[in-house]
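Visitor: fold the following and give me the result.
(2 chains)
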There are 2 protein chains.
Amino acid sequence: MPAVSSGSSSDPAPVPAVDAGPAESAATGEPAAAVAPVSDPVSGPRRGRPGYDQQTVLNVAVDVFNRHGYEATSMGILAENLGITKSAIYHHVTSKGDLLRLALDHALDGLEAVLDDPRASSGAADARLEFVLRGTIEVLTERLPFVTLLLRLRGNTEIERSALARRREFDHRVAGLVDAARSEGSVRSDIDPRTTTRLLFGTINSIVEWYRPGGPLPAEKLADNIITMVFDGLHTRRA
Amino acid sequence: MPAVSSGSSSDPAPVPAVDAGPAESAATGEPAAAVAPVSDPVSGPRRGRPGYDQQTVLNVAVDVFNRHGYEATSMGILAENLGITKSAIYHHVTSKGDLLRLALDHALDGLEAVLDDPRASSGAADARLEFVLRGTIEVLTERLPFVTLLLRLRGNTEIERSALARRREFDHRVAGLVDAARSEGSVRSDIDPRTTTRLLFGTINSIVEWYRPGGPLPAEKLADNIITMVFDGLHTRRA
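Guide: Model (predicted):
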């Protein structure tokens, strides 16, 4: 069952360089998104110490949350990882919960933008479903640490529960597309639609455990591979 | 991406009843295993307080490890969950690490038994691969909490690193089967075999996040559904 990558997901991820832009664009070098761009989680002008902006603080925080767990991470640990003082962090955000909320919004805004794209709501259900799955994979690879954080949520705080509710709603809307593709006759009906949806998300979400942006497998090729496996299967076609 | 079940994986799992047998057989009520039976992790006669045996202690410990994390679990927390004293636990095991080792052995012994079955090594590679994937799904559903623990390992201790090494070796052997099926021409060659193996395991392993033994979806049907999706794809065949 495994598939432990040589760099296991528990290995400390490299901390993004100071002043690197949003991790995703720097990390993948992928061509223009198929999905409408989502507003940056940072709004307003830069604040705080020169060389740091809220996005950099957020990138480092998400990395630390993923390595140590949100609850086990203190503002002191974050300050240490950023190489700045705790009070310097408060130039950028009001609390640890604020960082969590911004990070989860970044993941969820990206996912919801896929469903809000007109290509998710017009045309054959089959094509809409494929568009949404490709868009989801793109968000996962571009915002990998942010989606990883979302996927590991325990629902212990109001911020987490609110994010989980948005995640469920996303799930529900994709399940609707699976249903539509089934009714249309393009997706097989011998698998329960709930199971189909869970297996689709299971396959896609599992990439956070091993996919490394900037590695040998481009995100677009990964998306092609997943779409091929889940829709056409791994078996070669017999004549 | 989500697929948050109504009972999310972070919900406290029910604690097995005292003197329930190994969790898996009680939990699934599935017919005889396709996989050769693996020796029970408990060897030797019962020890300790009447009404408890080592397997019961192990079942509860794995449940608590999965809910709180292995590191955050103390022998005191375990004793509380078992309703016995710490010293009573030491009638059954020598340490917390001993419980972890027994639990991981239970998961890994099951997985390795699939590969050691003669059906994994004779016949067409395609059929061998399907046998191994079905067997893996069966072990996952029958030993769900044990495999969940294995999949969440961080590799912080020697016991964990040793289990991760066995997991990698299992992975490596299955990757060999994927290669063989590819060479044989039964599995498509337009997806890199490493990616194929990772997607297969990603799909299968993701069931620990939502599958509930004893629920509406029998384990055997789940296995059929997964095998259908990954080998034949979700698309209906066009004439």
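Visitor: could you point out the helix or strand that follows the helix or strand of chain A with the lowest mean pLDDT?
Guide: The weakest-scoring helix or strand in chain A, judged by mean pLDDT, DSSP states H and E, is helix A:23-28 (a mean of 35). Downstream of helix A:23-28, the next assigned helix or strand under DSSP states H and E is helix A:54-68.
Visitor: in the lengthiest helix in chain A, which residues are buried?
Guide: As assigned by DSSP state H, the longest helix anywhere in chain A is helix A:158-184. By 16 or more other CB atoms under 10 Å in any protein chain shown, the buried positions in helix A:158-184 come out as A:159-160, A:163-164, A:166-168, A:170-171, A:173-175, A:177-182. C-beta: built from backbone N, CA, C; applies to glycine.
Visitor: after that helix, which helix or strand is next?
Guide: helix A:193-205.
Visitor: pull stretch A:176-195 out as PDB, backbone CA atoms only.
Guide: Output of stretch A:176-195 as PDB, limited to C-alpha atoms (Å, rounded to 0.1, in the frame of the first residue of the first chain):
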ATOM      1  CA  GLY A 176     -23.300  16.600  -8.200                       C
ATOM      2  CA  LEU A 177     -21.100  16.700 -11.400                       C
ATOM      3  CA  VAL A 178     -20.400  13.000 -11.000                       C
ATOM      4  CA  ASP A 179     -24.100  12.400 -10.800                       C
ATOM      5  CA  ALA A 180     -24.700  14.500 -13.900                       C
ATOM      6  CA  ALA A 181     -22.100  12.600 -15.800                       C
ATOM      7  CA  ARG A 182     -23.700   9.300 -14.700                       C
ATOM      8  CA  SER A 183     -27.100  10.400 -15.800                       C
ATOM      9  CA  GLU A 184     -25.700  11.600 -19.100                       C
ATOM     10  CA  GLY A 185     -24.300   8.000 -19.600                       C
ATOM     11  CA  SER A 186     -20.700   9.000 -19.900                       C
ATOM     12  CA  VAL A 187     -19.600   7.800 -16.400                       C
ATOM     13  CA  ARG A 188     -20.200   4.100 -15.500                       C
ATOM     14  CA  SER A 189     -23.200   3.400 -13.200                       C
ATOM     15  CA  ASP A 190     -22.000   0.100 -11.700                       C
ATOM     16  CA  ILE A 191     -20.100   2.100  -9.000                       C
ATOM     17  CA  ASP A 192     -22.100   4.000  -6.500                       C
ATOM     18  CA  PRO A 193     -21.700   7.800  -7.100                       C
ATOM     19  CA  ARG A 194     -20.600   8.400  -3.500                       C
ATOM     20  CA  THR A 195     -17.900   5.800  -3.800                       C
END
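Visitor: can you give me how far it is from the chain middle?
Guide: Stretch A:176-195 has its C-alpha centroid displaced from the chain centroid by 25 Å (CA atoms, centre = their mean, to the nearest Å).
Visitor: tell me which residues touch the residue nearest the centre of chain A, please.
Guide: For chain A, the residue nearest the mean C-alpha position is residue A:147 (2.9 Å; CA atoms, centre = their mean). Residue A:147 sits next to A:107, A:110-111, A:139-140, A:208, B:1 when contact means CB atoms under 8 Å, 6 or more residues apart in numbering or on different chains.
Visitor: at 10 Å what do you get?
Guide: Residues near residue A:147 by CB atoms under 10 Å, 6 or more residues apart in numbering or on different chains: A:24, A:62, A:103-104, A:106-108, A:110-111, A:136, A:139-141, A:205, A:207-208, B:1.
Visitor: next: residue A:112.
Guide: By CB under 10 Å, 6+ apart, the contact set of residue A:112 is A:38, A:105, A:139, A:166, A:169-170, A:173.
Visitor: which of those lies closest to residue B:188?
Guide: Closest to residue B:188 out of those is residue A:139 (26.3 Å), distances taken as CB to CB.
Visitor: I figured that closest one hits residue A:205, correct?
Guide: No: checked against CB atoms under 10 Å, the pair residue A:139 and residue A:205 is beyond contact range at 11.4 Å.
Visitor: who's more crowded, these two?
Guide: More crowded of residue A:139 and residue A:205, by other CB atoms under 10 Å in any protein chain shown: residue A:139, with 26 against 22.
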